[in-house]
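S.K.: Turn this into a structure:
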Amino acid sequence: MLHIHKDDAFTVEVYSLSTDSWKMVEEHPLWLKCTWQNHRATFYNGVAYHIIQKFLLFSIMSFDSGSETFEEFIAPDAIRCWSRLYIEVYKDQICLLYYLRLFHCEEEGMSQIEFWVMQEKRWKQMRPILYPSDYYFVVGFSTDNELLMERSGYGNALYLCNYESKQYRETGIELAISRNDPEQLLFRPHATAQLVLAFIRAQS
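M.R.: Predicted structure coming up:
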């Protein structure tokens, strides 16, 4: 759990299920001891990953709950806006998804999402993810590595995008996600993805 105070001070505590207690992490790297904003996050294989912003610079802060150590990974230069930046897990790799309306797409009627995966602690840019130009929101990746997207304005319908085959299909599921409170959105997309996948499997 990361606590950020009004005076820009922060504390890090790790909760242990085995001992039912909290432990304070005392040592923090120098690059964290400055003014920064915390945005979206994900958790994978015992490591928490947070998108943070220091002035105009975006980076990924990781915290390994086992070794209780921090690392920082500078985000790709193309990233300028946090509201359309998502951090997810794709094929057991941390990835970044970034999309803006101004991105040019050569295929008519399609828009694109810039896509990077982390390999050997470096960002590797992948082929963009293409999707129909209607208004969509990223929800997350399913355990089958298909991108879940919400089509806003159509009853919050859920669509599946297969990155490899470039195929898209409607699931017939309508999401009930409130976007009024930004604090509620931090981990909800990942929980939604898991629940939706379970529902799809049950129907197949």
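
S.K.: so what strands line up beside the strand ranked longest in the chain?
M.R.: Longest strand of the chain, by residue count under DSSP state E: strand 110-119. Applying DSSP bridges to the sheet, strand 110-119 is found paired with strand 93-98 (antiparallel), strand 122-125 (antiparallel), strand 129-132 (antiparallel).

S.K.: just these: most buried one?
M.R.: Most buried of these, by mean neighbour count (mean count of other CB atoms under 10 Å): strand 93-98, with a mean of 20. Heads up, the C-betas are built off the backbone N, CA and C, glycines and all.

S.K.: Quick one: mean pLDDT over that strand.
M.R.: Mean pLDDT, computed over strand 93-98, is 95.

S.K.: and residue 74, what pLDDT?
M.R.: For residue 74, pLDDT reads 95.

S.K.: got a pLDDT number for the closest residue to it other than its chain neighbours?
M.R.: The spatial neighbour of residue 74 that comes closest, neighbours along the chain excluded (CB to CB, 6 or more residues apart in numbering), is residue 59 at 4.9 Å. pLDDT for residue 59: 94.

S.K.: ok but residue 59 is inside a helix, no?
M.R.: No - using DSSP: H, G, I helix; E, B strand; the rest coil, the assignment for residue 59 is strand, not a helix.

S.K.: Figure out the helix or strand that the residue nearest the centre of the chain lives in.
M.R.: Nearest to the geometric centre of the chain sits residue 87, at 2.4 Å (CA atoms, centre = their mean). Assigned by DSSP states H and E, residue 87 belongs to strand 85-90.

S.K.: If you count contacts, what does that strand end up packed against?
M.R.: strand 37-44, strand 47-54, strand 93-98, strand 136-141 (3 or more CB pairs under 8 Å, 6 or more residues apart in numbering; DSSP states H and E).

S.K.: Run the angle between the first one and strand 47-54 for me.
M.R.: It refers to strand 37-44. Between strand 37-44 and strand 47-54, the angle comes out at 160 degrees (axes from the mean of the first three to the mean of the last three CA atoms, to 10 degrees).

S.K.: The last one now?
M.R.: Computed by the same axes, to 10 degrees, the angle separating strand 136-141 from strand 47-54 equals 150 degrees.

S.K.: now the helix or strand following strand 136-141, how far from the centre of its chain.
M.R.: Once strand 136-141 ends, the next helix or strand along the chain (criterion: DSSP H and E) is strand 147-151. Counting by CA atoms, centre = their mean, to the nearest Å, strand 147-151 is centred 13 Å from the centre of its parent chain.
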